[in-house]
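Engineer: Can you look at this prediction? I've put the sequence above it.
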Amino acid sequence: MENIKNEGCLFDEKLSEDIKDRFYHVDYDPVHKTERIFFDNAGGALRLKTANDKFKEIDELPDCPEHSNKTAKWLFEIQEKAIEDLKIIYNVKSGSFLTSLTASMVMFDMVGSIIENVPGSNVVTTALEHPSSFDAVTSYAKKYGKEIRIAEANPVTGGIDTEEISKLVDENTCVLSVINASNISGSVIDIESVVKEARKIKPDLYIVCDAVQHMPHNAVDLKKTPVDAMNFAPYKFFGPRGFGIGYMSERASKLPHNKLIAKPVDEWELGSPAAAHFAAVTEIVDYVCWIGSKFATSSDRRELYVEGMKRINLHERALMHRMLNGSDKIEGLRDIKGVKVHLDYDDLSTRDLIMAIEFDNIDFTKAVEEYETEGIIVFERVISSLYSERMLKSLKIDGAVRVSPLHCHTVEDIDKFLIATKKIASK
Ligand SMILES: Cc1ncc(COP(=O)(O)O)c(C=O)c1O
C-alpha cells in the first residue's frame, strides 16, 4: 500500500500501447515532421482522437440544436447527454453549467455574479491562483470596495495550507477562491479540508475553485467538496480548444447574471454553443470509463469514471516516481548533478504530474531551447511573466522549467527525458 502511495502503478504494456494509440501526435510533430516528446501538457494536453474526430464530425452539420428537424433534435440530445456527463465528472445532481470560449471567461462570469450579489466586506484568494481567477476576484473586489486577502503558498510543498486560508476567512467574507492544483508545482490543494474549515467559520460561505489544472489528473467530487463554482478547460483534458466549462451550485446558479430575460433564473447559456464541443465532452468521459472498465466491473458510469481517473493518476504517479528516482541504469532528476528539483517532497500522492526544475549551468529559457533540440517540448515559468510572477514569488523561486507529461506517456519516454536532462546539465 505504502508502495502504491509513493510509487503509483503503471498501466500494463498492452494497455499503455492502446492508450498511446488513442491520442494524436504523441511522438511526432506533424508540422515540422520531426519526432518529439510532448511534455507541455499543462499548457494544452495531447488530443484524444475520438474527442477531436467527433468534434469535426458534429461541427460539419449546419443544424441548429434548438430547431425541430430530426438532425437538430439529435444534436440537442447530444448536448443533453453531455450535461449528464458533466454531472458525472463533477458528481453533482443539481446546479447549472455554463460555457464560454475559455475557462478564464467562465471564471470571470462566475466570480462576477457572486461578488456583485453576495454580501460581505472582504474576499479571500491565494497567491497560487492562475491570473484568470486571481484577476477576476481582485477586479470585482476593487469595483465593489471589498478588502482583498491573499493566502501565501507553502514554499516546501508548493501548495497552500488549509490554515493559511482559514485564518483569512471571517463572517464578512463574500467569497473564497482557491485553485484545485497548482499549474506550476503540481501540488494538489486539500480542497475538502479547505471547504470544511472555511465553512466552520462562515457556514454559508461561497467558494469558487479553479480545477483547470487538476481535472485531467484525478476525479473531482463535489459531494465531498461542495463548492459553489468550479471550472475546467477541455483542451487541457484531452479535448479540443475553444471551450471553457463551469459549474454553479443550485444557490449560485440563481444569483443575478447575464442572461436572456425569458430564460429560467438558473440558465447561464447565452446563445447557442457548439454541439460539437458537448460531443467531445462525452467522448472524454467514454474514454476515461473505458480505462476504468479495464480495472472494475460496474454499470455505474460515475464509478467507472472514478476508477479510470484513479488509474490515470496512479500511472502518472509511477511516471513521476521514475522521473525523480530513475532506475538502476538511469539517474533520476533528484540525482542528476547540476539539476535542482523545486518543491519536491516525498509524498507523491498529493502531487499532479508536473515537475519544476532548474539547471545550474543555463537559464530557464535556454534550457527549454536545449530540450527542444533534444526533441522534448517543455515550458519555462519565469518571474518576468505576468502568468507566473505572483506564484513564483510566493513559492520563493525565480522560475522553473515546467515539465508536464500525460498518462499516455510511458517509462521509455521518461527515460529519454532523463538522458536528455543529464546531457543538458553536463554541457
Ligand atoms: C490553472 C489554470 N486555470 C485557468 C487557466 C485558464 O484557462 P483558459 O486558457 O481556458 O482561459 C489555465 C490556463 O493555463 C490554468 O492553467
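Structural biologist: Nice, I can see it. Residues are numbered from 1 along each chain as shown.
Engineer: okay, CA-based contacts and neighbour counts for the rest of this
Structural biologist: Fine.
Engineer: Assumed Arg402 was part of a strand.
Structural biologist: Yes: counting by DSSP: H, G, I helix; E, B strand; the rest coil, Arg402 is found in a strand.
Engineer: To which secondary structure element type does the residue nearest to it when sequence neighbours are not counted belong?
Structural biologist: Among residues not flanking Arg402 along the chain, Ala356 sits closest, at 4.8 Å (Cα to Cα, 6 or more residues apart in numbering). Using three-state DSSP, the structure places Ala356 in strand.
Engineer: Same question for Lys259.
Structural biologist: Secondary structure state of Lys259, per three-state DSSP, is coil.
Engineer: number of nearby residues for it?
Structural biologist: 15 (other Cα atoms under 10 Å).
Engineer: in stretch 387-404, what counts as buried?
Structural biologist: Residues of stretch 387-404 classed as buried: 388-404 (neighbour count, 16 or more other Cα atoms under 10 Å).
Engineer: quick one: average confidence on it?
Structural biologist: Average pLDDT, stretch 387-404: 94.
Engineer: Name the residues that touch it?
Structural biologist: 39-42, 127-131, 152-156, 158, 184, 342, 353-358, 364, 367-368, 378-383 (Cα atoms under 8 Å, 6 or more residues apart in numbering).
Engineer: how about 7 Å then?
Structural biologist: 39-42, 127-128, 131, 152-155, 158, 184, 353-358, 364, 368, 378-383 (Cα atoms under 7 Å, 6 or more residues apart in numbering).
Engineer: now stretch 153-166
Structural biologist: Applying Cα under 7 Å, 6+ apart, the contact partners of stretch 153-166 are 127-128, 151-152, 182, 185, 187-189, 193-194, 197-198, 343-345, 394-396.
Engineer: List buried members of these by neighbour count.
Structural biologist: Buried among those by 16+ other Cα under 10 Å: 127-128, 151-152, 182, 185, 187-189, 193-194, 197-198, 343-344, 394-396.
Engineer: so of the residues you listed, which ones are in strands?
Structural biologist: Ala151 (DSSP state E).
Engineer: From the buried ones among the contacts of stretch 153-166, which land in helices?
Structural biologist: Mapping these onto helices (DSSP state H) picks out Ser193, Val194, Glu197, Ala198, Ser394, Leu395.
Engineer: contacting residues around the third one?
Structural biologist: Applying Cα under 7 Å, 6+ apart, one finds that Glu197 lies in contact with Ser166.
Engineer: What distance do you get for it to Thr71?
Structural biologist: Plainly put, Glu197 is 49 Å away from Thr71 if you go by Cα to Cα, to the nearest Å.
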